[in-house]
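Undergrad: Mind looking at a prediction? Sequence and model below.
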Amino acid sequence: MNSLILPPYLHEGDKVAIVSPSSKIDKSFLKGAKKRLESWGLKVIMGKHAGSASGRYAGTVKQRLSDLQSMMNDPEIKAIFCSRGGYGAVHLVQALDFTLFRESPKWLIGFSDITALHNLIQSNGFASLHAPMARHLTVEPEDDPCSLHLKNILSGTLPEYSCPKHKLNRQGTARGILRGGNMAVFYGLRGTPYDIPPEGSILFIEDISERPHAIERMMYNLKLGGVLEKLSGLIIGQFTEYEEDRSLGKELYAALADLVKEYDYPVCFDFPVGHVTRNLPLINGAEVELNVGKKATELKFIC
């Protein structure tokens, strides 16, 4: 079991970029993110079209592709911060060229719709960061734990996370490659070259505004497709802002617990990752140890 290639960690004075590969964003959040990153001692380069708009998107496909590709190609850029999710990253997946990125790999940071880019980067052999984006960096205080975790990871100090036990947890310890993100987004890449390889993976999932029966349907796809049985562990994060339609006859977590009860790997519920303030940064592609214990769940990066 080998983790993917981790891009170099950052140092004070390094150049980083902010781009908008998905939905358009309020420019005040771009300014706020730039200010926060500069307070970390980083030099921020704003994508030419980061504040653009074309319908619901942050510019046309050509504009969004140009911004992201130019930052991927630039050897002086050490990290690429995606401003927000929404929808649109999938438009870029097939068009991005990794030739120069492989010569100067860099961190890509974001979550939600950015899951499509995480999958793409992993398929090319590199790790990336599922982490808060521009709005979070703007509105949360300087001592916000998730922002500080993000800053520390980028500088090479890897955290050890702990969260309270949940009544549906299945105890156990496992090592594997951490993969995952927004469930609907990576579900949309199932059966493509950018699909998540299940063998030896510790999968984490989260989503927003998806009805429980839609989440269950996606989980059944993973089950019937042989994905769930091959995992080393499962981290079920936050599912938020949905209408509880009672169509499952039970709460969402209980339905997911029933779906995975036949497997013997550890399963953690209610992990702090998703469209919530406490959205812990996770290194997609890193080797981790997951310990689901009697009193708490612990996640440790081995890389």
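TA: Cool, the structure landed.

Undergrad: So for Leu203, what's the pLDDT?
TA: Looking at Leu203, its pLDDT reads 98.

Undergrad: Please report how far the nearest residue to it once chain neighbours are set aside lies from Tyr9.
TA: Of all residues not flanking Leu203 in the chain, Gly180 sits nearest, at 4.8 Å (C-beta to C-beta, 6 or more residues apart in numbering). In short, each C-beta sits where N, CA and C put it, glycine included. Gly180 sits at a distance of 23 Å from Tyr9 (criterion: C-beta to C-beta, to the nearest Å).

Undergrad: which of these two has more neighbours?
TA: Taking neighbours as other C-beta atoms under 10 Å, Gly180 and Tyr9 compare with Gly180 leading, 23 against 16.

Undergrad: The more buried one - that's part of a strand, no?
TA: Yes. Following the definition DSSP: H, G, I helix; E, B strand; the rest coil, Gly180 is counted among the residues of a strand.

Undergrad: Might you report the residue contacts of it?
TA: When contacts are counted by C-beta atoms under 8 Å, 6 or more residues apart in numbering, Gly180 touches 115, 130, 186, 196, 203-205, 235, 282, 284.

Undergrad: Pick the one among those closest to Ala33.
TA: His130 (16.8 Å; C-beta to C-beta).

Undergrad: Give the full set of residues in contact with that closest one.
TA: Taking C-beta under 8 Å, 6+ apart as the contact definition, His130 lies against 110-111, 114-115, 118, 180-181, 204, 273, 281-284.

Undergrad: Just those: which are in helices?
TA: When the contacts of His130 are checked against helices (DSSP state H), the matches are 115, 118.

Undergrad: ok, so of the contacts of His130, who is nearest Phe301?
TA: Here the nearest of these to Phe301, counting by C-beta to C-beta, is Ile283; it sits at 6.2 Å.

Undergrad: Can you give me the neighbour number for the closest residue in space to the closest one that isn't next to it in sequence?
TA: Taking C-beta to C-beta, 6+ apart as the measure, Ile283 lies nearest to Ala127, with 5.5 Å between them; neighbours along the chain are not counted. Counted with other C-beta under 10 Å, the burial measure for Ala127 works out to 24 neighbours.

Undergrad: and if you look at Ala174?
TA: If you count neighbours by other C-beta under 10 Å, Ala174 ends up with 19.

Undergrad: Give the buried residues for stretch 257-267.
TA: When neighbours are counted by 16 or more other C-beta atoms under 10 Å, the buried residues of stretch 257-267 are found to be 257, 259-260, 263, 265-267.

Undergrad: what sits up against that stretch?
TA: 168-174, 216, 219-220, 223, 228-229, 231-236, 250, 269, 290-292.
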